[in-house]
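>>> coordinates for the following, if possible.
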Amino acid sequence: MTKNINRKLQNLLDGESSRPVTGNATSAVPLFPLVYKIEIPGGGTSNQDITVAEKCMVIDAYIVNNAAGASSDTVQVTNGTGSNHITNAMSNAGAAGAVVAASSLHETHRNIAAGATLRVTQTDASGSNSAATSCYIIVLRTA
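Residues are numbered from 1 along each chain as shown. Okay, here's the model as predicted:
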């Protein structure tokens, strides 16, 4: 029994359980999504970039305010450093602890190439008082 459990843990840790999704996947085996957590320091408009190691597709994104937000401040997830926005602009103007999910995901921009930049932009609409925010981006590896 222990050997079986260890093998399953090894598969999870080496990425075997987060195998790529194919266009017509019909397997009854569940897929494990990957989560990127990007911390945004707050205080003003800023970009936080990461390089994505493997080809993937964004299936969800949301933010959690770590402090009270200011009016009209937003966070948006982008594929690359240009204007290929994956999510709508999510408002982080709420109270500390407020959770805001993306209400839309762009059909083509949400597919990210291996080695591409995944950018989270915080826009401070009224100065330098935007809230520190955690952004969670949930992806599935794709073939």
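>>> C-alpha only now, for contacts and for neighbours.
Fine.
>>> what's across from Tyr136 in the sheet?
Here Tyr136 sits in beta bridges with Lys37, Tyr62, as judged by DSSP bridges.
>>> tell me the pLDDT of it.
Looking at Tyr136, its pLDDT stands at 98.
>>> Pro30 now?
The model's pLDDT for Pro30 equals 68.
>>> please apply the same query to the one 3 residues further on.
The predicted structure scores Pro33 at 91 on the pLDDT scale.
>>> what ranges do the helices span in the protein?
Taking DSSP state H to define them, one finds helices in the chain at 2-13.
>>> can you pull out the strands in it?
34-40, 46-51, 56-65, 74-79, 90-91, 99-101, 111-112, 117-123, 133-141 (DSSP state E).
>>> okay, those, which one's buried deepest?
strand 74-79 (a mean of 24; mean count of other Cα atoms under 10 Å).
>>> and it, how far from the chain's centre?
9 Å (Cα atoms, centre = their mean, to the nearest Å).
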